[in-house]
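Student: Structure, please.
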Amino acid sequence: MTTVVLKPVGGLRVLDPATMPPEPLPKTGKPVTLDTYWRRRLAAKEVEIVSTAAEKSAQKKGA
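Tutor: Model (predicted):
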């Protein structure tokens, strides 16, 4: 599966089901696996993609 960095749109509070108990997604974003749950949040425009994990690793290698 694809890993991306997602952050909530606006002031929305979006829970991360991978944490127990579910905690809100940080406003600065968090790397997540793009599964059905997160695809639904994207379709509902509750979260936005900040960057993909591949972009992050490329930036680290280039720095």
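
Student: what's the closest non-adjacent residue to T52?
Tutor: Closest residue to T52 apart from its sequence neighbours, by CB to CB, 6 or more residues apart in numbering: V4 at 5.0 Å. The way it works is simple: take the backbone N, C-alpha and C, and place the C-beta from them, glycine included.

Student: Can you classify the one you found as helix, strand or coil?
Tutor: Taking DSSP: H, G, I helix; E, B strand; the rest coil as the rule, one finds V4 in the strand state.

Student: At which residues are the strands of the chain located?
Tutor: Under the criterion DSSP state E, the chain contains strands at 3-8, 15-16, 23-24, 30-33, 47-52.

Student: Of these, which stretch is the most buried?
Tutor: Ranked by mean neighbour count, the strands of the chain are led by strand 3-8 with a mean of 18 (mean count of other CB atoms under 10 Å).

Student: which regions of the protein lie under the pLDDT threshold?
Tutor: In the predicted model, the chain carries pLDDT under 70 at residues 53-63.

Student: so what's the residue nearest to T52 up against?
Tutor: 31-32, 34, 38, 49-53 (CB atoms under 8 Å, 6 or more residues apart in numbering).

Student: Farthest-apart pair in the residues you listed, please.
Tutor: Using CB to CB, the contacts of V4 reach their maximum pairwise distance at W38 and S51, which is 14.4 Å.

Student: just to revisit the earlier point, for D16, see how far away the residue nearest to T52 is.
Tutor: For V4, the distance to D16 (CB to CB, to the nearest Å) stands at 13 Å.

Student: ditto for G29
Tutor: The gap separating G29 from D16 is 11 Å, by CB to CB.

Student: How about S51?
Tutor: Computed as CB to CB, the S51 to D16 distance reads 18 Å.

Student: Let me see the contact set for L25.
Tutor: 6-8, 14-16, 47.

Student: Sweet, I'm off.
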